[in-house]
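Student: What follows is a predicted protein model with its sequence.
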Amino acid sequence: MDQALSLLKKYYGYDSFRKGQASLIEALAIRKRDVVAVMPTGAGKSICYQIPALMMDGITLVISPLMSLMHDQVASLKEAGIPAAYFDSSLSWPQYRKALQLARQGAYKIIYVAPERLLTDIFLDFAKSVSISFVAVDEAHCVSQWGQNFRPAYRDIPEFLAQLPVRPRYGAYTATATVAVLKDIMNWLKLDHPARLITGFDRPNLFFEVQKPKDKKQALLKFLSTRKDECGIIYCQTRKECEEVSDLLQSREFLSAPYHAGLSDEQRSKTQDDFIYDRISVICATNAFGMGIDKSNVRYVVHYSLPHSIENYYQEAGRAGRDGEDSHCLLLYSPADVMTARFIIEHSGEDDLEAANSPERMEAIQRDLAKLRRMVEYCTTRGCLRSSILHYFAQKAQPSCGSCSNCLRKWDELDVTTAAKHVFTLMTSLPCSYGIKMTVDLLKGSRTEKIRSSRLNQVKGYGNLEQMSKAEIETLLDGLLDAGYLEKTGDQYPVLQPASPLFQAVESGEKIMIRTDEEVVFAPVQTARTLNQGLYEHLVKTRWSMARAAGIPPYHIFNDKTLREMARLKPADKDQMLHVSGVGEVKLKVYGEAFLKAIQEYQNK
Ligand code: ADP
Ligand code: ZN
């Protein structure tokens with residue numbers, strides 16, 4: 001593994017591997033096994049196939065779904081001094097032929113290819129005539145219909161492999177893997193007893209916050225008031241909303257632009273480039289934006305409207321902080337958004353008259369509504385936001401993370417021991433479990449037709465909270481749910497059940513406390529960011545002018561994290577510069593001098 005470490009230092013400028021990276025690289029390059037890796041965005045998947053590629057003889061193919069992603073990766077590999085190319089539909093026919101010819105002569109170590117090319121005659125000819133030692137499938141969830149980005153051509157990959165004279169090593173990489181998606185990856189890609197790496201989904205550098213503002217525009221402006229120089233994405237529901245929010249920000253002198261399906265391809269790609277090259281700092285976009293955006297210095301993602309599922313939310317919010325620096329994910333919640341979302345889900349697919357009443361469509365609607373309900377729970381919970389997300393992905397989580405808005409909020413604690421005992425009595429006497437509304441009616445002692453006809457008014461506990469209003473009972477149940485005393489089961493028709501902490505508390509007679517709303521009194525902790533801020537900003541400017549001159553995105557030169565460390569360590573010569581994480585030998589040669597000069601300049605000012 002010494003070789004892997006020295007490649008890491010030489011080309012990427014990093015001193016050590018992150019959790020999981022080393023074991024994956026070892027499995028592939030040394031133990032010669034197939035691998036499958038599920039790692040959250042920003043965990044460093046690319047290095048897990050690029051370093052093995054450098055360690056093996058022959059060519060590595062990386063199958064990737066998106067042009068922008070391929071172009072970005074190839075450009076950064078070239079920056080780092082690694083010969084790479086992409087084969088996708090952006091190449092003209094003569095360019096493609098030329099690139100294939102160069103590839104045959106061994107000009108590239110890593111080749112990115114679109115899945116649709118694999119089974120074409122010309123590509124197969126090429127692939128059979130060279131030595132391909134490793135095939136890495138990036139964004140492997142595209143093979144699954146359960147994921148959001150199904151790409152039929154991904155299913156051709158095993159057939160492509162079967163046609164090669166020698167079967168190469170084979171690896172699949174993804175950040176999204178619910179159990180169903182992971183199963184599909186294993187079934188369709190036909191990896192050979194792969195070494196598996198499934199790292200946690202947690203992104204410790206992301207701060208999660210939910211606000212329920214009366215006026216979203218004001219809330220947004222307040223949030224952005226300290227973030228004028230930072231890059232961010234604001235996700236909106238509609239084209240109109242994208243335009244409005246972008247106009248608002250422009251009127252406050254933010255460098256912002258809208259991005260949605262109503263703009264021409266040309267405008268969209270210009271806006272995307274402006275964002276990637278740091279010519280604008282905020283993009284106000286529908287969820288059409290972001291797939292394949294590898295920009296590492298997105299410092300915040302704001303959801304101006306409600307995402308329809310936790311999967312979508314985590315994927316979009318996860319575009320913040322890929323470089324590992326602290327970043328903020330804010331969701332502005334309004335109950336009215338839930339109605340809009342329900343409407344969209346219930347009417348989706350109704351234009352297709354043949355399928356409009358099909359059981360499949362009905363099932364899909366129910367499934368999507370269940371996902372939406374879970375998203376609303378995230379917005380309304382008083383518990384830890386991070387653990388709410390991690391539980392959704394069936395991951396273990398601490399009950400409190402200490403770095404989300406709910407964990408930092410000061411709550412009023414309310415002693416509800418007596419009322420909770422009544423809830424317990426009712427629930428343990430009922431013949432089966434019910435949803436929130438029915439449970440409220442039973443505790444309140446309502447005389448609805450359903451209650452009378454099923455004689456539930458004779459159950460022990462019925463009407464025990466008669467003196468409370470229905471809204472108060474609902475708040476009580478919500479609070480007990482958030483605190484883990486009750487749990488919800490059943491996906492489509494969720495019902496309430498007492499959870500083991502409630503049994504324990506009733507038995508032992510301990511106090512039962514819930515949280516009630518309180519005004520927010522936290523300020524997310526600002527990290528060391530303010531230290532050396534002046535020098536850091538000077539280095540950002542230096543980077544910007546160099547990137548502009550070279551026509552490349554600034555973060556390809558060095559990412560924010562590297563510049564921050566440079567500002568902290570203030571290297572005085574090339575040797576010291578090499579100690580900065582993110583400065584490798586190749587980049588040192590190309591950029592070292594200029595940054596050393598910039599540091600000196602700033603210090604002599
Ligand atoms: P992913 O594809 O998993 O979203 P990337 O491969 O884009 O993540 O890596 C995210 C960031 O982390 C990049 O800026 C990358 O240079 C950095 N990174 C990856 N591995 C390491 C490491 N071992 N040490 C420091 N930084 C790393
Ligand atoms: Zn938390």
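Tutor: Received it, and whenever you're ready, just let me know what you need. For clarity, every value in this text was computed on a predicted model and none was experimentally measured. Ligands and ions are numbered 1, 2, ... in the order given.
Student: my guess is Arg564 contacts Glu325, does it?
Tutor: Yes - counting by CB atoms under 8 Å, Arg564 touches Glu325, with 7.2 Å between them. Backbone N, C-alpha and C define where each C-beta goes, glycine included.
Student: Neighbour count for the two, which is higher?
Tutor: Arg564 (26 against 19; other CB atoms under 10 Å).
Student: State the distance from that one to Glu230.
Tutor: 13 Å (CB to CB, to the nearest Å).
Student: Can you mark which positions in stretch 274-285 are buried?
Tutor: 275-278, 280-285 (16 or more other CB atoms under 10 Å).
Student: Could you dump those residues into TSV and include distance to ligand 2, pLDDT and secondary structure?
Tutor: Shown next, in TSV, are these (distance: CB to the ion, whole Å; pLDDT from 0 to 100; DSSP: H, G, I helix; E, B strand; the rest coil):
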residue	distance to ligand 2	pLDDT	secondary structure
Phe275	30	92	helix
Ile276	31	88	helix
Tyr277	35	87	coil
Asp278	31	89	coil
Ile280	32	94	coil
Ser281	28	94	coil
Val282	26	96	strand
Ile283	27	96	strand
Cys284	28	96	strand
Ala285	27	95	strand
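Student: so what pLDDT did the residue of the chain most remote from its centre get?
Tutor: Computed with CA atoms, centre = their mean, the maximum C-alpha offset from the centroid of the chain is found at Gln458, amounting to 49.6 Å. At Gln458, the model reports a pLDDT of 91.
Student: And it, how close does it get to Ser429?
Tutor: Relative to Ser429, and taking CB to CB, Gln458 is found at 10 Å.
Student: Kindly report the same for Leu8.
Tutor: When Leu8 is compared with Ser429 (using CB to CB), they lie 63 Å apart.
Student: the more surrounded of these two?
Tutor: Legend: neighbour count by other CB under 10 Å for Leu8 and Ser429, higher for Leu8 (22 against 14).
Student: three-state assignment of the residue lying closest to that one once chain neighbours are set aside?
Tutor: Counting by CB to CB, 6 or more residues apart in numbering, Tyr14 is the residue found nearest to Leu8 once chain neighbours are left out, at 5.2 Å. Here Tyr14 is recorded as coil under DSSP: H, G, I helix; E, B strand; the rest coil.
Student: tell me the contacts of Tyr14?
Tutor: 8, 581-582, 584 (CB atoms under 8 Å, 6 or more residues apart in numbering).
Student: restrict those residues to those near ligand 1?
Tutor: Ser581 (CB under 6 Å from any ligand atom).
Student: Filter the contacts of Tyr14 down to the ones in strands?
Tutor: Among the contacts of Tyr14, DSSP state E puts none in strands.
Student: Restricted to buried residues, select the contacts of Tyr14 in PyMOL.
Tutor: To isolate the buried subset of the contacts of Tyr14 in PyMOL, counting by 16+ other CB under 10 Å, use the following:
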select buried, resi 8+581+582+584
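Student: Now the phi/psi pair for Tyr173, please.
Tutor: phi -130, psi 130 (degrees, to the nearest 10).
Student: Now do the same contact list for it.
Tutor: 36-37, 39, 45, 48-49, 136-140.
Student: who's it bridged to?
Tutor: Beta-bridge pairing of Tyr173 under DSSP bridges involves Ala37.
Student: hang on, Asn287 is in a helix, isn't it?
Tutor: No - with three-state DSSP as the criterion, Asn287 is assigned coil and is not in a helix.
Student: Ile111 belongs to a helix, doesn't it?
Tutor: No - assessed with three-state DSSP, Ile111 is strand; it does not lie in a helix.
Student: Spell out which parts of the stretch 451-600 of the chain neighbour ligand 1.
Tutor: 559, 581.
Student: does the closest residue to ligand 2 within the stretch 101-250 of the chain count as helix, strand or coil?
Tutor: Nearest residue of the stretch 101-250 of the chain to ligand 2: Phe208, at 7.0 Å (CB to the ion). Put simply, Phe208 is strand when judged by three-state DSSP.
Student: That one bridge partners, please.
Tutor: With DSSP bridges as the rule, Phe208 is bridged to Cys329, Cys404.
Student: ok, it - how many residues close by?
Tutor: 24.
Student: just the one 10 residues further on next, same as before
Tutor: The burial metric for Gln218, expressed as a neighbour count using other CB under 10 Å, is 10.
Student: try Asp575
Tutor: 9.
Student: how far does stretch 319-334 sit from the chain's center?
Tutor: Its chain's C-alpha centre and that of stretch 319-334 lie 9 Å apart, by CA atoms, centre = their mean, to the nearest Å.
Student: Any part of it near ligand 1?
Tutor: Yes - with CB under 6 Å from any ligand atom as the measure, stretch 319-334 is seen reaching ligand 1 through 322-324.
Student: can you dump the C-alpha coordinates of that stretch into CSV?
Tutor: Written as CSV, here are the backbone C-alpha positions of stretch 319-334 (Å, rounded to 0.1, in the frame of the first residue of the first chain):
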residue,chain,number,x,y,z
ARG,A,319,-24.3,19.0,-3.0
ALA,A,320,-23.0,21.3,-0.3
GLY,A,321,-19.5,20.8,1.3
ARG,A,322,-18.0,18.2,-1.0
ASP,A,323,-14.6,19.4,0.0
GLY,A,324,-15.3,18.6,3.6
GLU,A,325,-15.5,22.2,4.8
ASP,A,326,-18.4,23.2,7.1
SER,A,327,-21.5,23.9,5.0
HIS,A,328,-25.1,24.7,5.7
CYS,A,329,-28.3,23.0,4.6
LEU,A,330,-31.4,25.2,5.3
LEU,A,331,-35.0,24.2,4.5
LEU,A,332,-37.7,26.8,4.6
TYR,A,333,-40.8,25.0,5.5
SER,A,334,-44.4,26.2,5.0
